[in-house]
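>>> Task: produce atomic coordinates for the following.
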Amino acid sequence: MARCFITGVELPLRETRVLDISAAYRALRDLRHRAASVERLIHQLGPYDDTEAYDPAKKEIYTRRDRRLICPKAAEMMTAVYPEGKLFIRWEEWRARRLSTRAALEAANEAASAATDAAATESITGNGQDSILA
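Numbering: from 1, shown residues only. So this is what the prediction gives:
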């Protein structure tokens, strides 16, 4: 009878398992390569660029700061780097998420600022007691 290293349960030797160390190192090497590929994608496509866009109302081209844009076919090919997750989203989805995140951060900052102002006012006025400023 053999004893399980993790649980301590005794079981017949033919039912036990052992780590295939070469397969584990191979998996680790593959994961490192995949992580390096995702890092390269971040460095190549992560920064903001000046993007030209056409404004139909003004009938002119203007420049805005946006993430680097790629075509759907290139995104499909680059998805092979990390197929388990959705690395690329449509520009409209990204823009909507960016705007909602920005609005949430601004609301949180306003709430924190209001709380700080209230605490400062309370400390100046003496926690609701008569103060020398009154």
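
>>> Look at the residue nearest the centre of the chain and give its secondary structure.
Nearest to the mean C-alpha position of the chain, counting by C-alpha atoms, centre = their mean, stands Leu87 at 10.4 Å. Assigned with DSSP: H, G, I helix; E, B strand; the rest coil, Leu87 falls in the coil class.

>>> Correct me if wrong: it contacts Ile42.
No: in this structure, Leu87 is not within contact of Ile42 by C-beta atoms under 8 Å, at 9.6 Å. Where you see a C-beta, it was placed from the backbone N, CA and C, and this is true even at glycine.

>>> helix or strand for Gln44, which one?
Gln44 belongs to helix 21-45 when elements are defined using DSSP states H and E.

>>> count of residues packed around Tyr48?
By the measure other C-beta atoms under 10 Å, the count of residues near Tyr48 is 10.

>>> Output the below-cut-off pLDDT ranges for this structure.
Scanning the chain for pLDDT under 70 picks out 118-134.

>>> Helices along that one, start to end?
For the chain, applying DSSP state H gives helices covering 21-45, 72-78, 91-125.

>>> ok, and for the last one, which residues are buried?
It stands for helix 91-125. By neighbour count on 16 or more other C-beta atoms under 10 Å, the buried set for helix 91-125 is empty.

>>> quick one, domains of the protein?
47-86, 89-134 (automatic domain parsing).

>>> Tabulate these (TSV), appending distance to Arg14.
Below are the domains of the chain laid out as TSV (distance: least, C-beta to C-beta, whole Å):
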stretch	distance to Arg14
domain 47-86	35
domain 89-134	50
